[in-house]
Structure formats: C-alpha cells, structure tokens
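Visitor: everything below, folded, please.
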Amino acid sequence: MTALWPPEYESLRPEARSVAAALGARVAAAPSASADPSERLAQRRAMVAAMERRSPAGEDVTVAGVPCRRFVPRRPSRGLYLHMHGGAMMLGSAVLNDEANALLSDRLGVEVVSVDYRLAPEHPHPAAVEDCRAVAAELLDRGHGPVVIGGESAGAYLAVMTLLGLRDERGSVGAIRAANLAYGPYDLSGTPSQRGAVPSAVASEPVEPPEVFRSAYLPGRSEGDLRSPEVSPLYADLHGMPPALFTVGTADRLLDDTLFMARRWEVYGTDAELAVYPDCGHSFNGLPMELARLANQRIDAFLDEAFDRL
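Guide: The predicted model follows:
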C-alpha cells in the first residue's frame, strides 16, 4: 500500500494531537453560541473579525467592481498569486490573510491579490463564485505574467469554481500555472468525513459545521441539487485544469473532499500532488507545530516551482 505521508511524520503525531486537544479545550471553554441563527452568525463574524490584522503592506483595490486586497513585492514581480480566503462562505474578509499574504508576496517575489467576495447568507450562491470569476478574468485580461490561484477551506472551493468558470467561458484556464488548494469542501452534499467518519481520535470541525454552511450558502436545495457540478465541483468534468497541490490533515472533517478531488484531478489527465498530514485538523497549517511548518514549506516549494515553470 502506498503511504500517504513520509515515515518521519510519525514522530510528529503526538505534537499534532496535543495541539488539537488544546485547541478543542479552548473551543469547549468558550461561551456557547446563541441558538438564534442570526445572533450566532453575528457572534462568529465578530470572533473572526477579532483575528484579522490589517497589514500596512497591503492596499485596498477594486478589480471588476469587487473589493480586493493587493500586495506588491519589493523586488520585480515574478507573477501574480490570486487568493481566496476561507470562512465557510459566511465569515471573514480578505484582510483575514493579510499577514500571510504580505509575507508570501515578499518571500516569493510575487504580487498577491486576495478577493473580498460577497458572503452568505445575505448573498447566497452564486454571488461569491461570480465575484471570484470576475476578478480572475479581469486580471488575466490585464496581463500579469504567470498566475497561480489558491485558497484555504472555502477559498479552495472558490479557486476550483473559478478555474471551471474560466475554462468554460474562455476556452481554457489560460495563464494560470497552478492551483494551491488547502482543505476545501468539494462535495456540498456531504462526504463520509463531513458526516463524521474521520480516522482520528481528535477530529476538528471547519469554522462552521457543513450543514450550517450549506443552509446559508445554498438555501432550500435538495441533496440531489447539492450534487450538481454547478455547486459541487467534485462532480464536474475536470479536464483542462492546471497542476494542483492538495493539502489536508487526517483529523479534518473535509478530509474526504481532498482525497476524492485529488484523485479525480489526476484521472482527468492533470498532475495533482496530495499532501496528507496525520492527526492534523482544519486550518492546521496556521498552528504552532512542526507538521504545520512542513506543510507550509511544501506549499512554498510548490508555488516557487509554478512561477519558475516555463
């Protein structure tokens, strides 16, 4: 059987479990969220907003009528990284990744544009997808050299949906060299791991449980509707996609989404790197542990190679 991670990761599993348990304890000790959906959403948004740190290196710009955050490296740019933030389509903003995007811009010498797409439930599907596709199309028309697209969680989903739209509307994904896709939801009808079948003693939820996310983003849809390629890219024709790096931890409720999508990406004839990290949960690469450092190192190497590819 092919191993999903290198043997040297085994010694790092206790640290990952310890970090996950400590995070779970903090969540359990936090005040209970309101049972009222609108109050609960306001609480969650306030919690995420408190985590945002606006970087002085970024600037507010508008692309195709959509607000974005832009970062320009201090050396000549090698290309453009188009980023979509996470937050279950309901939470956060482009500022959520300001510090990470500022560092990435300088570290790799690339321009970064992060899309501040419209959020559900005020703006259900397809609002966020339309915003991301519009920004991508305008940036490609402007010409920025090589382009790489990526995101985390809901941002990874939006990156894939953007690629599909660009391919179908423009005939190809054009100048987009690669896709960096971290722990995204690709089957909105619910994979086994979304439904709780996670092979870990300490499983972590995404920022909102999948059923909450679905009811806000896709209100009134049947389970059959949720399997439509228009909303669940796992069911889409994936020909013509760029090479991709798929990152996920085995303690993530979105584990299966990444496992399934990476394999389908390959059978449609495109390179897909699958990076699995044992006992790591949702958004694990933002936590202080060695497996997070290794995951981010691999992402950097993937992006670096994509911008150098002729």
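Visitor: just checking, what packs against the longest helix seen in the chain?
Guide: For the chain, the helix reaching the highest residue count under DSSP state H is reported as helix 290-308. Packing partners of helix 290-308 (3 or more CB pairs under 8 Å, 6 or more residues apart in numbering; DSSP states H and E): helix 13-29, helix 98-108, strand 147-152, strand 176-182, strand 244-249, strand 272-277. Every C-beta, even on glycine, is put in place using the N, C-alpha and C of the backbone.
Visitor: of all the ones you listed, which lies closest to Leu4?
Guide: strand 272-277 (4.3 Å; CB to CB).
Visitor: CA-only coordinates of the closest one, as PDB, when you get a sec.
Guide: Backbone C-alpha positions of strand 272-277 (Å, rounded to 0.1, in the frame of the first residue of the first chain) are rendered in PDB as follows:
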ATOM      1  CA  ALA A 272      -2.100  16.500  -8.600                       C
ATOM      2  CA  GLU A 273       0.200  16.400  -5.600                       C
ATOM      3  CA  LEU A 274      -1.600  15.100  -2.500                       C
ATOM      4  CA  ALA A 275      -0.100  16.200   0.800                       C
ATOM      5  CA  VAL A 276      -1.700  14.500   3.800                       C
ATOM      6  CA  TYR A 277      -0.700  15.300   7.400                       C
END
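Visitor: chain center to stretch 223-238, what's the gap?
Guide: The gap between the average C-alpha position of stretch 223-238 and the chain average comes to 18 Å, counting by CA atoms, centre = their mean, to the nearest Å.
Visitor: again but with stretch 229-244, I slipped
Guide: On the basis of CA atoms, centre = their mean, stretch 229-244 is displaced by 15 Å from the centre of the chain it belongs to.
Visitor: what's the mean pLDDT across that stretch?
Guide: Taken as a whole, stretch 229-244 has a mean pLDDT of 97.
Visitor: show me the contact partners of it.
Guide: 125-126, 149, 157, 160-161, 163-164, 167, 172-173, 176-181, 186-189, 218, 221, 225-228, 257, 260-262, 264-265, 268-273, 306 (CB atoms under 8 Å, 6 or more residues apart in numbering).
Visitor: which one, of the helices and strands packed on helix 290-308, ends up nearest to Glu211?
Guide: For Glu211, the closest of the helices and strands packed on helix 290-308 is helix 13-29, at 17.9 Å, according to CB to CB.
Visitor: so that closest one versus strand 272-277, what angle?
Guide: Relative orientation of helix 13-29 versus strand 272-277 (axes from the mean of the first three to the mean of the last three CA atoms, to 10 degrees): 80 degrees.
Visitor: which residues touch helix 13-29?
Guide: Contacts made with helix 13-29 from outside it, assessed by CB under 8 Å, 6+ apart, are listed as 201-202, 204, 249, 251, 277-281, 284, 287-291.
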